[in-house]
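Structure of the sequence below:
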Amino acid sequence: MATSREELIEAAEKYLFHGLVEHDGSNVPLAPECWRIEQGADTGNTAEKIREQLGSEIMNVITGLDNLRWLVEGDEGVVYYDLHTKASAKPVLIAERFKVVEGQIHEIEAIFAAQKS
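Model (predicted):
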């Protein structure tokens, strides 16, 4: 069955809000073989490793996100959003691509640009 727009966004937003903002990957629907790339670098090639990263101390710098804008086609979606951190008054500008199949995230690819203060 094809992934609906709503199903894709729901799965990805669990990653964004529970994983990134709350630093808790336990409720994020990651496929066992899910992988994540950030700025072209491997940041996790299994669900377990990605969940471990989401709970790592470095993630505590993230305080929130907003201004989400979605583009979805089939089982892939791209979201553009503003990520708020303790490190800067200006948000980090993020584009993140998700591939969701049967309610589970299989691929995550992020690129970002920090704004000058």
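
And the residue lying closest to Glu76 once chain neighbours are set aside, how close does it get to Ile37?
Distance criterion C-beta to C-beta, 6 or more residues apart in numbering; nearest residue to Glu76, sequence neighbours excluded, is Lys99 at 5.1 Å. Every C-beta, even on glycine, is put in place using the N, C-alpha and C of the backbone. Distance from Lys99 to Ile37, counting by C-beta to C-beta, to the nearest Å: 12 Å.

Those two: which is more packed in?
Between Lys99 and Ile37, Lys99 has the larger neighbour count (other C-beta atoms under 10 Å), namely 20 against 16.

So what pairs up with the more buried one in the strands?
Glu76, Glu107 (DSSP bridges).

My read is that it contacts Val72, right?
No - shown here, Lys99 and Val72 do not form a contact pair, counting by C-beta atoms under 8 Å, at 11.1 Å.

Which parts of the chain are helices?
Taking DSSP state H to define them, one finds helices in the chain at 5-13, 47-54.

could you dump those helices to a markdown table with distance to Gln115, mean neighbour count and mean pLDDT?
Compiled in a markdown table, the helices of the chain are given as follows (distance: least, C-beta to C-beta, whole Å; neighbours: other C-beta atoms under 10 Å; pLDDT from 0 to 100):
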| stretch | distance to Gln115 | mean neighbour count | mean pLDDT |
| --- | --- | --- | --- |
| helix 5-13 | 23 | 18 | 97 |
| helix 47-54 | 24 | 18 | 96 |
